[in-house]
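Undergrad: Please find the sequence and the predicted model below.
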Amino acid sequence: MDLVGQWRGTSDSGSICVVNIDQEGITLSGRVSVFETVFIEGEPFSFWNWSYLYGEIKNNRSIFGQVNSPSIHKKYGDLLTDQEINSLKQKINLEFPKSTTFTATREGKHKLKVKWKSTYPTLPAREDTVSLEKERSTVSKIAHKEMTWNDFREFALNQPDGLIYRGQAQQWMLQTAFHRTGRADIISYLDNQVPDLERHINSVSDHVFDSNNDRSLGALLNLAQHHGYPTPLLDWTKSPYVAAFFAFEDESRIKKDKPVSIFIFEERKWSEMVGRTAQLRVPNMVVRTLELPGFGNARVLPQQSVTMYSNIANIEYIIHANETNAGDFVKAISIPSSDREKVIRDLALMGITWGSLFPGLDGICRQLKSRHFGR
């Protein structure tokens, strides 16, 4: 029974639940985020209850386990202080769980039915049920507008500032490389894999990275991402033409007779709403664009890179949840793959090639491979 990944649902009492699971044999571990809202003097107050999960699979069907060590966080991730928690207890007699046990059964490949029981210091025990689902589709749900390359080239010239672009060879949904591996528990990733990554990169890098410093950690992940290591970052660019290059450059990834995708994101408008900083160790669902330092990463400037961080497997889910109308924040263009030869030629005339975007030996060899062997 493979349970690795991110599971999402709403409990019978209306709480939003996000469960990130790692698995080793029959042993499960991970994090549970439960988003709840209470009313204080008639005003809603929302918070996250964030806990560590561990359990075991029985008979290859049922799961038993515990959720413990809860921490309480505000809507956007900040930890509640002891004083704030005591104030809540006094105002509305609110208590947080002392311990929680759960049982779960698989309902098909992508669904879990979970029942849990929480005990409290003085209040009666509480039971609840939630149906959790894991993302099953890899295809983008963003509506695509069809354009020829000539149309897109002119369209791009007339776009306002504040937008960023992402080119993809197929209409895959927006998802980080970390989540494409099937993994979802970023805390486990930060605690167990990133220190190993840091040691290895520091052994060959002129810059010494420190994963305990958020800015340095971001730069480390950004560098690793550009060299093929899975991270919870998603690459965007300020240039629609650079995005077009990444959509078309690898002919082997393009499906015959299928269009490529170029996504357009209202970065400025989104960042005005959510900010441009991101805490990684938080329970809330995060999609943020970040300006990360480019230590040791010569590709950042020529690619006009902008980095998006997300702890959610389906980035589109969060974006759409904040849209009043479809396309308020993200749109997509599809361009026929048959335009590839013309696209690559036009981009080369603009100076957008493997050699220019990837300074160094890798870029030179990829550019000459394309020129000499056609892909």
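TA: Happy to help now that I have it. As the structure is a computational prediction, the values presented were derived from the model and not from experiment.

Undergrad: For the stretch 201-350 of the chain, which segments count as helices?
TA: Listed in chain order, the helices of the stretch 201-350 of the chain (DSSP state H, counting those that start in this stretch) span 214-225, 240-248, 267-274, 315-321, 340-349.

Undergrad: Kindly report the same for the stretch 51-200 of the chain.
TA: Across the stretch 51-200 of the chain, reading from the start of the chain, the helices by DSSP H, counting those that start in this stretch fall at 82-92, 149-157, 177-180, 186-188, 194-202.

Undergrad: now those helices as TSV including mean neighbour count, distance to residue 30 and mean pLDDT?
TA: For every residue, glycine as well, the C-beta is placed using N, CA and C. As requested, the helices of the stretch 51-200 of the chain are exported to TSV (neighbours: other CB atoms under 10 Å; distance: least, CB to CB, whole Å; pLDDT from 0 to 100):
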stretch	mean neighbour count	distance to residue 30	mean pLDDT
helix 82-92	12	24	86
helix 149-157	16	42	97
helix 177-180	18	14	96
helix 186-188	19	7	95
helix 194-202	15	17	95
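
Undergrad: does the nearest residue to residue 73 once chain neighbours are set aside belong to a helix or a strand, and which?
TA: The spatial neighbour of residue 73 that comes closest, neighbours along the chain excluded (CB to CB, 6 or more residues apart in numbering), is residue 48 at 4.3 Å. Counting by DSSP states H and E, the element that carries residue 48 is strand 43-58.

Undergrad: name the helices or strands packed onto that strand?
TA: Strand 43-58 makes packing contacts with strand 27-40, strand 62-74, strand 99-106 when contacts are defined by 3 or more CB pairs under 8 Å, 6 or more residues apart in numbering; DSSP states H and E.

Undergrad: Let's see that with 10 Å instead.
TA: Taking 3 or more CB pairs under 10 Å, 6 or more residues apart in numbering; DSSP states H and E as contact, the helices and strands that strand 43-58 lies on are strand 16-24, strand 27-40, strand 62-74, helix 82-92, strand 99-106.

Undergrad: Mind listing what's buried along it?
TA: Across strand 43-58, burial judged by 16 or more other CB atoms under 10 Å covers 45, 47-51, 53, 55, 57.

Undergrad: Now the two most distant members of these.
TA: Greatest spatial distance in the buried residues of strand 43-58: 45 and 57, 36.9 Å, computed using CB to CB.

Undergrad: Can you add pLDDT and give the buried residues of strand 43-58 back as TSV?
TA: Conversion of the buried residues of strand 43-58 to TSV gives the following (pLDDT from 0 to 100):
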residue	pLDDT
45	91
47	94
48	96
49	94
50	95
51	95
53	94
55	95
57	94
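
Undergrad: Residue 202: which of the residues you listed is nearest?
TA: The nearest one, if we look at the buried residues of strand 43-58 relative to residue 202 and count by CB to CB, is residue 50, at 30.7 Å.

Undergrad: residues in contact with the closest one?
TA: Shown in contact with residue 50 (CB atoms under 10 Å, 6 or more residues apart in numbering): 18, 31-35, 67, 69-73, 77, 79, 187, 281-284.

Undergrad: need the buried residues of strand 43-58 in a markdown table with distance to residue 164, can you?
TA: Supplementary listing: the buried residues of strand 43-58 in a markdown table, determined by distance: CB to CB, whole Å:
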| residue | distance to residue 164 |
| --- | --- |
| 45 | 34 |
| 47 | 32 |
| 48 | 28 |
| 49 | 34 |
| 50 | 30 |
| 51 | 35 |
| 53 | 35 |
| 55 | 40 |
| 57 | 42 |
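
Undergrad: which among the residues you listed gets closest to residue 99?
TA: Taking CB to CB as the measure, residue 99 sits nearest to residue 51 out of those, at 9.9 Å.
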